[in-house]
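Asks: Sharing a model prediction with you, sequence too.
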Amino acid sequence: MSIDSHLSELVRRHQAIEEAILAEVNHPASDDIKVHELKRKKLQLKDEIERLKKSETAPSH
């Protein structure tokens, strides 16, 4: 899997988690623990996306 396709997949998963968070928060009986877990996963994905973007733009020696 190329870096670009991996990055695209991570962005897609990040967006899916964002949608899941919004759905959970808007649910009348939302589960705070589930929301917290989803936010943690979203942040991990964001960190990995940023790491890949940096490695993609870093000059290779």
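Replies: That came through fine. Numbers count the residues shown, from 1 in each chain.

Asks: Going by C-alpha atoms from here, please, whenever you check contacts or count neighbours.
Replies: Will do.

Asks: count of residues packed around residue 40?
Replies: Neighbours of residue 40 under the rule other CA atoms under 10 Å: 13.

Asks: Point me to the helix or strand that includes it.
Replies: Counting by DSSP states H and E, the element that carries residue 40 is helix 32-57.

Asks: just checking, what packs against that helix?
Replies: Contact here means 3 or more CA pairs under 8 Å, 6 or more residues apart in numbering; DSSP states H and E; on that basis helix 32-57 packs against helix 3-26.

Asks: orientation of the helix it packs on relative to helix 32-57 in degrees?
Replies: Using axes from the mean of the first three to the mean of the last three CA atoms, to 10 degrees, the inter-axis angle of helix 3-26 relative to helix 32-57 is 160 degrees.

Asks: could you check the distance from the residue nearest the centre of the chain over to residue 59?
Replies: Closest residue to the average C-alpha location of the chain: residue 14 at 2.9 Å, with CA atoms, centre = their mean. Taking CA to CA, to the nearest Å as the measure, residue 14 falls 27 Å from residue 59.

Asks: Same question for residue 51.
Replies: When CA to CA is the yardstick, residue 51 and residue 59 sit 14 Å from each other.

Asks: Tell me which of those two has more neighbours.
Replies: Counted by other CA under 10 Å, residue 51 and residue 59 do not tie: residue 51 has more neighbours, with 11 against 7.
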